[in-house]
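In: Fold the stuff below for me.
(4 chains)
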4 protein chains.
Amino acid sequence: MNSFGTNFRISLFGESHGEAVGVVMDGIAPGIPLSEADFLPDLDRRRSGARGTTPRKESDTPHLLSGVFNGYTTGAPVAVLFYNENTRSGDYRNLVTHPRPSHADWVAVQKFKGFNDYRGGGHFSGRLTLALVTAGVVAKKMLGAVKIESRILEIGGCADREKFPEVVERALRSCDSVGGVIECTAEGVPVGLGEPFFDSVESVMSHLLFSIPAVKGVEFGNGFAAARLRGSENNDPIVSADGRTATNNSGGINGGITNGNPIVVRVAVKPTSSIATEQQTLNTETGRVEPLVIKGRHDACIALRAPVVVEAAVAIALAQFV
Amino acid sequence: MNSFGTNFRISLFGESHGEAVGVVMDGIAPGIPLSEADFLPDLDRRRSGARGTTPRKESDTPHLLSGVFNGYTTGAPVAVLFYNENTRSGDYRNLVTHPRPSHADWVAVQKFKGFNDYRGGGHFSGRLTLALVTAGVVAKKMLGAVKIESRILEIGGCADREKFPEVVERALRSCDSVGGVIECTAEGVPVGLGEPFFDSVESVMSHLLFSIPAVKGVEFGNGFAAARLRGSENNDPIVSADGRTATNNSGGINGGITNGNPIVVRVAVKPTSSIATEQQTLNTETGRVEPLVIKGRHDACIALRAPVVVEAAVAIALAQFV
Amino acid sequence: MNSFGTNFRISLFGESHGEAVGVVMDGIAPGIPLSEADFLPDLDRRRSGARGTTPRKESDTPHLLSGVFNGYTTGAPVAVLFYNENTRSGDYRNLVTHPRPSHADWVAVQKFKGFNDYRGGGHFSGRLTLALVTAGVVAKKMLGAVKIESRILEIGGCADREKFPEVVERALRSCDSVGGVIECTAEGVPVGLGEPFFDSVESVMSHLLFSIPAVKGVEFGNGFAAARLRGSENNDPIVSADGRTATNNSGGINGGITNGNPIVVRVAVKPTSSIATEQQTLNTETGRVEPLVIKGRHDACIALRAPVVVEAAVAIALAQFV
Amino acid sequence: MNSFGTNFRISLFGESHGEAVGVVMDGIAPGIPLSEADFLPDLDRRRSGARGTTPRKESDTPHLLSGVFNGYTTGAPVAVLFYNENTRSGDYRNLVTHPRPSHADWVAVQKFKGFNDYRGGGHFSGRLTLALVTAGVVAKKMLGAVKIESRILEIGGCADREKFPEVVERALRSCDSVGGVIECTAEGVPVGLGEPFFDSVESVMSHLLFSIPAVKGVEFGNGFAAARLRGSENNDPIVSADGRTATNNSGGINGGITNGNPIVVRVAVKPTSSIATEQQTLNTETGRVEPLVIKGRHDACIALRAPVVVEAAVAIALAQFV
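Out: So this is what the prediction gives:
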């Protein structure tokens, strides 16, 4: 469903072209300084703007509705609301009858019996990550000294940061899209977070990361590469009494529990499914396969906006355990 | 914690060298035929025996304690118990002071303040997957016609099935271990399973898959490879009214919801951390780094026993949604 | 915490004198007609106005922010927001140092370390029941033909409806408050709702009913009177194939499961703790006990406004099971 | 379902005449001394034996299967098992076609489509409270210095303890049953337990108390009597800096949060529905109403065995918050 968490609980709501998107957060300790301004840096990192991101511009102004008094959290739920402003719903009408390949259009109609708000992807829109980033800001504050940072490792298979703009530009010019790989690290994580058996840090973190639209892979430490190593290569010798290891192939997690070394997680973001080049899809009215050219405003490389969303997911996951 | 699920809830308990391992399952519809014999095939697939698996032999006899009457589930919780038989706890005493690299030994002591049962990994042991496989058998029955199958794609980086025994043998001979990649598919899955935003099928499934000891990566459909493709390559054209797609790069899931095509998920299993070759680790009593040679009985390639465990996790995840 | 439910999940937020009060509801089937107007009748029943209710007047205008498209629920979360309008926060400043007897003032400061929003009771205010009533409207729609109705059985120990105004008036004149007993019935409830062992209908319903501020007792069917009867007097003979019973001493629930007869539940509402007559309380600054005269606007008989809130709790509880 | 709790989670299983009854408990801190002997005193208090309790005798020997090592809890789940010994299933066969009035017989068949284990009430049996008492023992240990005590206030409407045996004897002689009222107090409870809005102490405690078979009413402090008082009579003046109040009409809870004064809760237990006197019920095969005389072994006054069960529920509820 649209809520997550035990100790730090979040509930999302909203649609891409509805009135608003928002989030209610519960389980926040009292006494944490919090204001609307605190959300702006991360919201800004998520916002479009760079070449290859959607031309839809939103001010993304957070409205802090509850849970803060005299500048500090009170311990009661914090609700933050964002009104949608720049919506052009006319763009999306034909996607009901011509579901976009690899998008949620078709399954949404099936699951919600045609009552889903299809405008701009509705509740399936990447715009919902606005709520995730908002919750991430609070989670980061709850985590205190833990330092969470994301970076783009690859765009369209290219691992040279300098060439990312060029890769995106080429995709744009061919009316296509590209994916990417995001890496996120969390340093200063206390030892002992996570629970056997089901609430391993990897379990809870991947649960949140796979909630992010377009994420199709998650790996920790050496991840898939570990499957190709020997134990003698992959094991991390413990070299100090505080648990520091000589290598960090485990990505800071053993037996599902943090070991005090940096958490390292990588996320595969698929190329945006909404592309301007012609594709084949089903016409659900006629039952025939027909060409589709998607209009509207889309990100050619959603991975460009993903790092701060990944950080938010990582922070929200860790906030369950502190 | 040690319970999982909303509609199909499971609670695990037990330790590797304690009295028993077991699982309580709730949310099972009444009227499903179930007997102790039904568990045997999957339990047998999980059991050691092949070269490269632990020489510890257990009969793994399931004791069905509740929830079944006259051969059918009653709707009340089903509890299944396995007594531990073949335990040699003397083997493990020194691992408290010399925590194995990349194993849970050290974090367990930290988290549980030294009260954890360290014998054979205690509650962190792979033996707990016995309970997972047991729950998987019930989940498969709940899923009816859905066909779930796993296979080993790679062992130690080798993708040639014929050569798997050789790869394992080489690792054994050098007192080392190897990892592997498991792929699992689920066919015949109904359209529309999964929930936006947080309970996407990928989220719930990865949550369970990362609960399996030694799993360090999970990907769906094209997974990490999708991050290196363009949208025009990765998108799956819908070609029939029941949602069938020409390709299945999405692994049967769009927007977190099943689209009726086979679910495809791959899991990276790291090489067993318990290896017989000498390693460096901390002596927690002296605070010095010392050589460690691990004794006891271990799997050199845990991936060999993992396919049925992965199937169980996939089945338990899907059983949340039906 | 501030969320409840598995199938029908609700998350509340807001404070009495903050910017807004609201609720996010999840698990609503798509295709239910819903508009802001649908909330008005129940909101109106909750609103103050009668003699003995607070002179604070609020328009209580619901803002439907999400989850509805073209007049029908979409299956995505429904968020409803109420802005606070008529707030006079100056009234409450001294209650931090002089906590009202039997109110949440003192425990709130202790629990939230002094960061709680104390204005008008903050998050502990009866104003939060606005969110409950809102969720109740949706729950009633989810329940279809089930007919849920509340009535006041007693005010201040008086069971004669005609004399209720007189009882309240007397309390008002002596600057005091009175409690009451509310009875709620649900007719047309399907057989078989509720779950053994912990999610009995009584368990889930009482959980919600005791969330309502001022509720101190809950009983089903004969309730406490059953403890004074013999089995032969209290048992309900089953007299028809659809489970109808000759009497309904069980209040429609056996073994925690609905039996198809009307659910009958009674709720004890204590007299409002905020009274204008002089009381003794602790001065938390001096540590001395001092006289307190509470100012501000309060209900002399909160039970007058409670029936619709009780209905909401009953409806939300039943909506978990359908 | 059959699990409860967030911080201290319990999962019950078993049937009255099946192989076993048991409970899995999770969320127990490591380092608590625990052995099978610790369960015996409370198990003994629950056991039948007194005049008016069932002649079915069970040794109720607890088998501690996991989560304890060297005499201390490890932090892993604690599973405790009780094998059923003294079962006479022949007694119950006709209750399928002749459901006992006010018992779960009829609803169980409806809900579980006839697959329920009807022997001795199956999963609906009071025997399941064995698991609750077991969990209560652990919860009490988790609560440290909190002192939880129950007493019978009334039997069959009689409040004179001396006359309880006589009241029961009279019921027995007329082949009838009697109910009772249990009061439970918890002293030494820390200030600030409980959560607004939905997880008030009253909410969570009543949730558990109403899970106990035969409980039909729950009230805190003055409870229903408070509804008949004025605020000036019912309010508790705060008289010391640690929150002590001059009276305790609130039963130790304000705004759903503990205030440090003793928690006082009363529970109405209905008369056992299984009585030996002739009653009318439906013959589900013929659809006709017929006389029923219940055989088998039953408690004439289940309230006699309830105090320790009520204590367990209170302890398990409080253990959620510490």
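
In: Please tell me how far the residue of chain A found nearest chain D sits from A:Gln320.
Out: Chain D sits closest to A:Thr6 of chain A, with a gap of 6.0 Å, by C-beta to the nearest C-beta. No exception for glycine: its C-beta is placed from N, CA and C like everyone else's. Computed as C-beta to C-beta, to the nearest Å, the A:Thr6 to A:Gln320 distance reads 6 Å.

In: Looking at these two, which one has more neighbours?
Out: Using other C-beta atoms under 10 Å in any protein chain shown, the more surrounded residue of A:Thr6 and A:Gln320 is A:Gln320, with 24 against 14.

In: Could you tell me how many residues sit around the residue in the stretch 51-200 of chain A positioned nearest to chain B?
Out: Residue nearest to chain B within the stretch 51-200 of chain A: A:Ala104 (2.5 Å; C-beta to the nearest C-beta). A:Ala104 sits with 26 neighbouring residues when counted by other C-beta under 10 Å.

In: My guess is A:Glu290 contacts A:His98. True?
Out: Yes. Applying C-beta atoms under 8 Å as the test, A:Glu290 and A:His98 come out as touching, 6.9 Å apart.

In: Now the common contact residues for these two.
Out: Each of A:Thr281, A:Leu282, A:Asn283 lies in contact with both A:Glu290 and A:His98 under the rule C-beta atoms under 8 Å, 6 or more residues apart in numbering or on different chains.

In: Any idea how far stretch A:143-159 is from the middle of the chain?
Out: Relative to its parent chain, stretch A:143-159 has a centroid offset of 12 Å by C-alpha atoms, centre = their mean, to the nearest Å.

In: buried residues in it?
Out: Residues of stretch A:143-159 classed as buried under the neighbour-count rule (16 or more other C-beta atoms under 10 Å in any protein chain shown) are A:Leu143, A:Val146, A:Ile148, A:Ser150, A:Ile152, A:Leu153, A:Glu154, A:Ile155, A:Gly156, A:Cys158.

In: Contacts for that stretch, please.
Out: Under C-beta under 8 Å, 6+ apart, the answer for stretch A:143-159 is A:140, A:161, A:164, A:167-168, A:171, A:178-189, A:266, A:271, A:301, A:303-304, A:306-308, A:310-311, A:314-315, A:318-319, A:322, B:227-230.

In: Run through the helices of the stretch 151-300 of chain A in chain order.
Out: All helices of the stretch 151-300 of chain A, identified by DSSP state H, counting those that start in this stretch, fall at A:164-173, A:201-209, A:231-234.

In: Ok, which of those comes nearest A:Glu219?
Out: helix A:201-209 (9.1 Å; C-beta to C-beta).

In: ok so, going back, can you check the pLDDT for the residue of chain A closest to chain D?
Out: We note a pLDDT of 94 for A:Thr6 in this prediction.

In: my guess is it meets D:Thr6, correct?
Out: Yes. Under the contact definition of C-beta under 8 Å, A:Thr6 touches D:Thr6, with a separation of 6.0 Å.

In: any weak-confidence spans in the stretch 151-300 of chain A?
Out: Within the stretch 151-300 of chain A, no range satisfies pLDDT under 70.

In: Pull the number of nearby residues for the residue in the stretch 201-322 of chain A that chain B sits nearest to.
Out: For the stretch 201-322 of chain A and chain B, the shortest gap (C-beta to the nearest C-beta) falls at A:Gly255, measuring 2.6 Å. For A:Gly255, the count of nearby residues is 26 (other C-beta under 10 Å).

In: contacting residues for the nearest residue to it once chain neighbours are set aside?
Out: Spatial nearest neighbour of A:Gly255, chain neighbours left out: B:Ala104 (2.6 Å); criterion: C-beta to C-beta, 6 or more residues apart in numbering or on different chains. Neighbour list for B:Ala104: A:Pro196, A:Asn254, A:Gly255, A:Gly256, A:Ile257, B:Gly121, B:Phe124 [criterion: C-beta under 8 Å, 6+ apart].
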